[in-house]
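Undergrad: Requesting a structural model of the entry that follows:
(2 chains)
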Protein chains: 2
Amino acid sequence: MTSPGGQHGSRLDPWIQSYARRTAGMTTSEIRALFAVAARPEVISLAGGMPYLSALPMDTVADTVAHMLSTQGLTALQYGSGQGDPVLREQILEVMALEGISAHADDIVVTTGSQQALDLVTRIFIDPGDVVLAEAPSYVGALGVFAAYQAQVAHVTSDDDGLVPAALEERILSLRAAGKRIKFLYTVPNFHNPAGTTMSMQRRPQIVQICQRYSILVLEDNPYGLLGFDREPHDAMRTLSDEGVVYLGSFSKTFAPGLRVGWALAPHAVREKLVLASEAAILCPSAYSQMTVSTYLATCDWMAQIKAYRELYRERRDAMMESLDALLPQATWTHPDGGFYVWLTLPEGVNAKAMLPRAVTERVAYVPGTAFFADGTGQRNVRLSYCYPDSQRIREGVRRFASVVQTELELLETFGPYDATGRGSGPSAGVQFPAPDLS
Amino acid sequence: MTSPGGQHGSRLDPWIQSYARRTAGMTTSEIRALFAVAARPEVISLAGGMPYLSALPMDTVADTVAHMLSTQGLTALQYGSGQGDPVLREQILEVMALEGISAHADDIVVTTGSQQALDLVTRIFIDPGDVVLAEAPSYVGALGVFAAYQAQVAHVTSDDDGLVPAALEERILSLRAAGKRIKFLYTVPNFHNPAGTTMSMQRRPQIVQICQRYSILVLEDNPYGLLGFDREPHDAMRTLSDEGVVYLGSFSKTFAPGLRVGWALAPHAVREKLVLASEAAILCPSAYSQMTVSTYLATCDWMAQIKAYRELYRERRDAMMESLDALLPQATWTHPDGGFYVWLTLPEGVNAKAMLPRAVTERVAYVPGTAFFADGTGQRNVRLSYCYPDSQRIREGVRRFASVVQTELELLETFGPYDATGRGSGPSAGVQFPAPDLS
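TA: Below you'll find the predicted structure:
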């Protein structure tokens, strides 16, 4: 048969004229191809956000799952509730209690990773052009969702203590004055991805109150909250307002991401909409994955496992900090006390995205800072992760990275900044989604 | 703290003014509460679309999964590719070859059940107001997705041989004359849910050609294609056009729905958009579920399992047909030669939705026909499923159902039709999503 799409298509894509307007915002990241190279074993990747699963007792997990299937297989392999397994939702209450949250299992929706919860919240709240407030920088996966729903992202100044309350209020007022509809504030209060910072306990009630004053929902995304290195978990922002906060949690970092089990805790009316939206999106989350998590929580010492993860990541964080201190006097960086990431600021003139191909050639990979802004800023920023490589490889990775930066600075001195030479790229046209393992 | 949402919220829902426009279409089905009752063991449900998993060799599956975790656990529990596991995508080619499809694994996207594939296709093609063509009746889960993206669904006359080509072309011309943008034709060609019919082989090229002529994509949804009772699988519509058809497949009916593993096979450029849309929605499909399916396909006799399912469902179909023949002379119905469902037409004046509460009281459940139309028609239609209860319960269920219908007809004769008495309901305001196990 001849090409479909008829007169309005093209040979490369017969359907080019048929896509929805939102699809224009979905473009392949130009750094994606590079990361295919970066996956080679000789490259030390400080780019990914993959948890170090070798720390899991895999044989125990295998036995646990086999037993679960033998005894509850007919339920685990069948369609389940759109809202999620009731037993797991009760267990999630116990997990959230570690952060001071008191809630009802009926207000929880289990999702296909917390990414799906992000998608659902955005789906039910965002009309094209609506504003989402977010930290500067912000999680790339969230920016991808917001772009997919044609939201306008307004970054709010953030520092080592997280979002700056005065900057938040100022931003709200100026957006309102411009006639914008602000729907929610998206924030990662603990061990921020990519910033590595934690919102101070003093600021939390201030941020919640400001949002309340202007009828702005708070979307608290907390995948790393239990992975603090030095103290007990912080109380969640959700503890400050039951009705004003949608809280997102995940088992991806505390257990395993391949199961794709996350959740949203939402005000009751919002939860109802989330369930309907999720049923349209996927019918129901995987009973198999949910019951795997549920059985793991019930029969394994998951608290001890989290403790093991914390110690592991603390050691790696230390290795990275020591190496940065020793090798990168030209840069500044944040000092994470939990989570997976550190955020670097390189000297004026460096373009981290343009530098990446050379870094990969030197067998080290990172994520350029522009990925974490909706507006093209972050050119001289870099996210480094310390979650996956061991301490020795982290040290070697930072050594390679420092050498790339050093050469870059020498090139800069000789040839001038990127934008003047045409080697580099200006602000990106929009959010570009990286490969999943970079998120 | 006081209620957020401020002056513009309500006590029941502080965020009532904040939702996106699309959220208005997400309402809870009024029959949902009834089905909570229908889940009680004394009720014979002819409503659900749950496969009969007791036919699976559960201990073998458990052993297979345990071995997979012990040997490949680090991959199965980790983040994976947004497009899906490459090994599984190759295996999916073998599955589709049974329906004559020749394709490339790079054009497959693995999804969280084929429901997510439906969501993604709709997401990338539909702007609010765009038209989706669909059979009359059509799959309720698809109608839910189309409503969630504010599509307008135009039903096309269908008979025992599926969509009527002349009616399709006529519908297209009248919609075009009205200035509508038609994006795709949604069709379930084999063992239709809910109609129980199969599109004739003669009509398939006609339907594909008509869509091609008017630059309309064909969305071929085929979860039941391998579950025919009497012959080898039909060739898929995808065999007639590589570029004009997006094909959706699923392991929910041939293996197990709790894994949530489905897929889309799409023209290459469309596939790229689908992957980006899926990464925004869920980052990546579950590696754990995918590798479970992949290992099952590689190590178990999945063709024999499908054969066992086919024989099981054929026997149940026979039981239902025999009971209907014997007990329901007042109605007509379709004669499925595969799949899970039969579609009944009750006498003029019967309102199947209004009759449902009485049926549940009589301990039998079904899905009223209006669920399968976007426009409120189908009032005297009923979908009965024969997939889950055994033959004996099917016979008893049909006996109860026939008795409910008989009483209803007597009531009708005494009191007149529903709409005149105010007992019933008129055309529904929109698509209402039922519980997942009804889909």
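Undergrad: Which other helices and strands does the helix or strand harbouring residue A:318 contact?
TA: Element membership of residue A:318 [criterion: DSSP states H and E] is helix A:302-327. Applying 3 or more Cβ pairs under 8 Å, 6 or more residues apart in numbering or on different chains; DSSP states H and E, we find helix A:302-327 packed against strand A:341-345, helix A:391-415. Bear in mind the C-beta positions are built from the backbone N, C-alpha and C, glycine included.
Undergrad: does the first one come close to chain B?
TA: Just to be clear, that refers to strand A:341-345. No - Strand A:341-345 stays clear of chain B (Cβ under 8 Å from any Cβ of the partner chain), getting no nearer than 15.4 Å.
Undergrad: Check which element follows that strand along the chain.
TA: Heading C-terminal from strand A:341-345 (DSSP H and E), you reach helix A:352-361.
Undergrad: Which strands border whichever helix or strand comes after that following helix, and is each parallel or antiparallel?
TA: Per DSSP H and E, helix A:352-361 leads on to strand A:364-365 as the next helix or strand towards the C-terminus. According to DSSP bridges, strand A:364-365 forms sheet pairs with strand A:44-45 (parallel).
Undergrad: Going C-terminal from the strand it pairs with, what's the next secondary structure element?
TA: By DSSP H and E, the next helix or strand past strand A:44-45 is helix A:58-76.
Undergrad: tell me which residues of that next one are tucked away?
TA: Under the neighbour-count criterion of 16 or more other Cβ atoms under 10 Å in any protein chain shown, helix A:58-76 has A:58, A:61, A:62, A:64, A:65, A:66, A:68, A:69, A:73, A:74, A:75, A:76 buried.
Undergrad: got a list of what the closest residue to the second one other than its chain neighbours touches?
TA: Pointing back at residue A:61 there. Spatial nearest neighbour of residue A:61, excluding adjacent residues (Cβ to Cβ, 6 or more residues apart in numbering or on different chains): residue B:69 at 6.1 Å. By Cβ atoms under 8 Å, 6 or more residues apart in numbering or on different chains, the contact list for residue B:69 reads A:58, A:61, A:62, A:65, B:76, B:77.
Undergrad: Let me know the pLDDT of the second one.
TA: Same thing as residue A:61. Note on residue A:61: pLDDT of 96.
Undergrad: Is it in contact with residue A:296, as I believe?
TA: Yes - the criterion here is Cβ atoms under 8 Å, and residue A:61 meets it with residue A:296 at 6.7 Å.
Undergrad: what bridges to residue A:367?
TA: Assigned bridge partners for residue A:367, using DSSP bridges, are residue A:383.
Undergrad: Skipping its backbone neighbours, what lies nearest residue A:134 in space?
TA: Closest to residue A:134 by Cβ to Cβ, 6+ apart is residue A:186, at 4.6 Å.
Undergrad: just the helices and strands packed on helix A:302-327: most buried one?
TA: strand A:341-345 (a mean of 22; mean count of other Cβ atoms under 10 Å in any protein chain shown).
Undergrad: one step back: average pLDDT for the helix holding residue A:318?
TA: Mean predicted confidence for helix A:302-327 is 97.
Undergrad: ok, now stretch A:342-349?
TA: Mean pLDDT, stretch A:342-349: 96.
Undergrad: Could you check the pLDDT of residue A:26?
TA: Confidence for residue A:26, expressed as pLDDT, is 84.
Undergrad: Ok, residue A:268 next?
TA: Reported pLDDT for residue A:268: 95.
Undergrad: Same check on residue A:6?
TA: 46.
Undergrad: Likewise for the one 5 residues further on?
TA: You'll see residue A:11 listed with a pLDDT of 74.
Undergrad: Report the secondary structure element holding it.
TA: Here residue A:11 is assigned to no helix or strand, by DSSP H and E.
Undergrad: What count of nearby residues applies to it?
TA: 9 (other Cβ atoms under 10 Å in any protein chain shown).
Undergrad: Check chain A for its longest strand and report it.
TA: As assigned by DSSP state E, the longest strand anywhere in chain A is strand A:152-159.
Undergrad: Can you show me the CA trace of it as PDB?
TA: The C-alpha trace of strand A:152-159 is given here as PDB (Å, rounded to 0.1, in the frame of the first residue of the first chain):
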ATOM      1  CA  GLN A 152       4.800  27.200  32.500                       C
ATOM      2  CA  VAL A 153       7.500  26.600  35.100                       C
ATOM      3  CA  ALA A 154       8.600  29.600  37.200                       C
ATOM      4  CA  HIS A 155      11.800  28.900  39.100                       C
ATOM      5  CA  VAL A 156      12.100  30.300  42.600                       C
ATOM      6  CA  THR A 157      15.400  31.300  44.000                       C
ATOM      7  CA  SER A 158      16.800  28.600  46.300                       C
ATOM      8  CA  ASP A 159      19.900  28.400  48.500                       C
END
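Undergrad: Packing partners of it?
TA: Right, strand A:152-159 is packed against strand A:131-136, helix A:140-148, helix A:165-177 by 3+ Cβ pairs under 8 Å, 6+ apart.
Undergrad: got the contact list for that strand?
TA: Counting by Cβ under 8 Å, 6+ apart, A:129-138, A:143, A:146-147, A:163-164, A:167-168, A:171, A:175, A:180, A:182, A:185, A:192, A:195, A:197, A:373-375, A:377, A:431 sit against strand A:152-159.
Undergrad: Please pick the buried ones from the residues you listed.
TA: A:130-138, A:143, A:146-147, A:163-164, A:168, A:171, A:175, A:182, A:185, A:192, A:195, A:197, A:373-374, A:377, A:431.
Undergrad: For residue A:106, give me its contacts.
TA: A:89, A:268, A:271.
Undergrad: Neighbour-wise, give me the winner out of those.
TA: Going by other Cβ under 10 Å, residue A:89 tops those with 23 neighbours.
Undergrad: circling back: quick one: distance of the longest strand of chain A to the chain centre.
TA: Put simply, strand A:152-159 sits 15 Å off its chain's centre (Cα atoms, centre = their mean, to the nearest Å).
Undergrad: strand partners of the next helix or strand along the chain from it, parallel vs antiparallel please.
TA: Downstream of strand A:152-159, the first helix or strand assigned by DSSP H and E is strand A:162-163. Within its sheet, strand A:162-163 is paired with strand A:152-159 (antiparallel), according to DSSP bridges.
Undergrad: just to revisit the earlier point, restricted to strands, list the contacts of residue A:106.
TA: Among the contacts of residue A:106, no member falls in strands (DSSP E).
Undergrad: from the residues you listed, which is closest to residue B:399?
TA: residue A:89 (38.4 Å; Cβ to Cβ).
Undergrad: Cross-check the contact I'm expecting between that closest one and residue A:110.
TA: Yes - contact between residue A:89 and residue A:110 holds when scored by Cβ under 8 Å: they sit 6.6 Å apart.
Undergrad: which residues are common contacts for these two?
TA: Common neighbours of residue A:89 and residue A:110 (Cβ under 8 Å, 6+ apart) are A:83, A:263.
Undergrad: Report whether stretch A:273-286 contacts chain B.
TA: Yes - applying Cβ under 8 Å from any Cβ, one finds stretch A:273-286 in contact with chain B at A:273, A:276, A:277, A:279, A:280, A:281, A:282, A:283, A:284, A:285, A:286.
Undergrad: which non-adjacent residue is nearest the fourth one?
TA: Closest residue to residue A:279 apart from its sequence neighbours, by Cβ to Cβ, 6+ apart: residue A:82 at 4.1 Å.
Undergrad: what about the one you found, neighbour count?
TA: Applying other Cβ under 10 Å, I find that residue A:82 has 25 neighbouring residues.
Undergrad: roughly how far apart are the residue nearest the centre of chain A and chain B?
TA: The centre of chain A sits closest to residue A:139, judged by Cα atoms, centre = their mean, with a distance of 4.3 Å. The spacing between residue A:139 and chain B, counted by Cβ to the nearest Cβ, to the nearest Å, is 11 Å.
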